[in-house]
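> Pasting the sequence and the predicted model now:
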Amino acid sequence: MNDHRGDVGCVAAWANKSSSMDDLAAAMRGDRDALARLLCEHGSRLAARIGRRLQMNPFVEFSADDVLQEVFIDAFRGFGSFDPQRGVSLACWLDKIADNRLAMMFRERGRLKRGGGVARTCQDPLLSSARALVAVLTDSADGTASQNLARHELVQAVQVGVAALPDDQRVAIQSRYLDERSLESTADAMGRTVPAVRGLLHRAKKSLHDVLRGTVTWMDGESIT
């Protein structure tokens, strides 16, 4: 009997590549959901790349998750500059963004330490708090064994979703759920009314829900709170 397992693997690899090419074409046309899926595909690879560089700097105050969140934000903001016709792949483009962001954070850390200031690694940080958002956005922080195995997938999808939010929605999510401020305190900090902030949070959570549904394969068993 012939063993066709290798053929099945080739077909699966081809299907994944074809899907990625379709997403890239859609992203180039302005489809942000397609871009979110592409960033999720590259998330683990980028995190590993960043982690290797951080290992050479053991005294930094930020993690690979911190840098990755900023890389996703930079990618959404700068995707209009990506041009595959120049012969640069999406992977290489994202690697350059990651390297530039990490270098920027190292420089800022050095500048603040020399000046005696408190090290703040990002201009608009969410840091590793994407992990906390997992509990906020789903019914529970715990799940089945298969869900726990994919928890890192959800964390990166949340990071991508947060990066895709408009600035005001991202600030509202951070203040209300990550900094654990009240609605009133969040509204004061943002210079908005409480109903306006409530609306921002509602739209932000819906957007994050949509990103998770479109990028995390096991999310059908979860629900947004």
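Great, that's in hand.
> Need the contact partners of stretch 180-192.
168, 171-172, 175-176, 193-194, 196-198, 200 (Cβ atoms under 8 Å, 6 or more residues apart in numbering). C-beta coordinates here come from the backbone N, C-alpha and C atoms, glycine included.
> mind redoing it with 6 Å?
Under the contact criterion Cβ atoms under 6 Å, 6 or more residues apart in numbering, stretch 180-192 has outside partners 175-176, 194, 197.
> and that stretch, which residues are buried?
181, 183, 186-187, 190, 192 (16 or more other Cβ atoms under 10 Å).
> Okay, and which of the residues you listed map to helices?
If you go by DSSP state H, the buried residues of stretch 180-192 have 183, 186-187, 190 in helices.
> Give the closest residue to I173 in space, chain neighbours not counted.
A204 (5.0 Å; Cβ to Cβ, 6 or more residues apart in numbering).
> Pull out the buried residues from the helix or strand harbouring that neighbour.
A204 belongs to helix 194-215 when assigned by DSSP states H and E. By neighbour count with 16+ other Cβ under 10 Å, helix 194-215 contains the buried residues 197-198, 200-201, 204-205, 207-212, 215.
> Now it - C-alpha only, CSV.
Extracted in CSV, the C-alpha atoms of helix 194-215 (Å, rounded to 0.1, in the frame of the first residue of the first chain):
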residue,chain,number,x,y,z
VAL,A,194,-18.7,58.8,30.8
PRO,A,195,-21.2,57.8,28.0
ALA,A,196,-18.6,58.6,25.4
VAL,A,197,-16.0,56.3,27.1
ARG,A,198,-18.7,53.6,27.5
GLY,A,199,-19.3,53.8,23.7
LEU,A,200,-15.5,53.6,23.0
LEU,A,201,-15.2,50.5,25.2
HIS,A,202,-18.2,48.8,23.5
ARG,A,203,-16.8,49.4,20.1
ALA,A,204,-13.3,48.3,21.1
LYS,A,205,-14.6,45.0,22.6
LYS,A,206,-16.7,44.3,19.5
SER,A,207,-13.6,44.9,17.3
LEU,A,208,-11.5,42.6,19.5
HIS,A,209,-14.2,40.0,19.4
ASP,A,210,-14.2,40.1,15.6
VAL,A,211,-10.4,39.8,15.4
LEU,A,212,-10.5,36.8,17.7
ARG,A,213,-13.2,35.1,15.8
GLY,A,214,-11.3,35.6,12.5
THR,A,215,-7.9,34.6,13.7
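> For that helix, name the packing helices and strands.
The helices and strands touching helix 194-215, judged by 3 or more Cβ pairs under 6 Å, 6 or more residues apart in numbering; DSSP states H and E, are helix 32-55, helix 151-164, helix 167-173, helix 183-190.
> please redo it, this time with the cut-off set to 8 Å
If you count contacts as 3 or more Cβ pairs under 8 Å, 6 or more residues apart in numbering; DSSP states H and E, helix 194-215 packs onto helix 32-55, helix 130-137, helix 151-164, helix 167-173, helix 183-190.
> which of these is buried the deepest?
Counting by mean count of other Cβ atoms under 10 Å, helix 151-164 has the highest mean neighbour count of those, with a mean of 23.
> and that one, what does it pack onto?
Right, helix 151-164 is packed against helix 32-55, helix 64-78, helix 130-137, helix 194-215 by 3+ Cβ pairs under 8 Å, 6+ apart.
> mind redoing it with 10 Å?
Judged by 3 or more Cβ pairs under 10 Å, 6 or more residues apart in numbering; DSSP states H and E, the packing partners of helix 151-164 are helix 32-55, helix 64-78, helix 130-137, helix 145-149, helix 167-173, helix 194-215.
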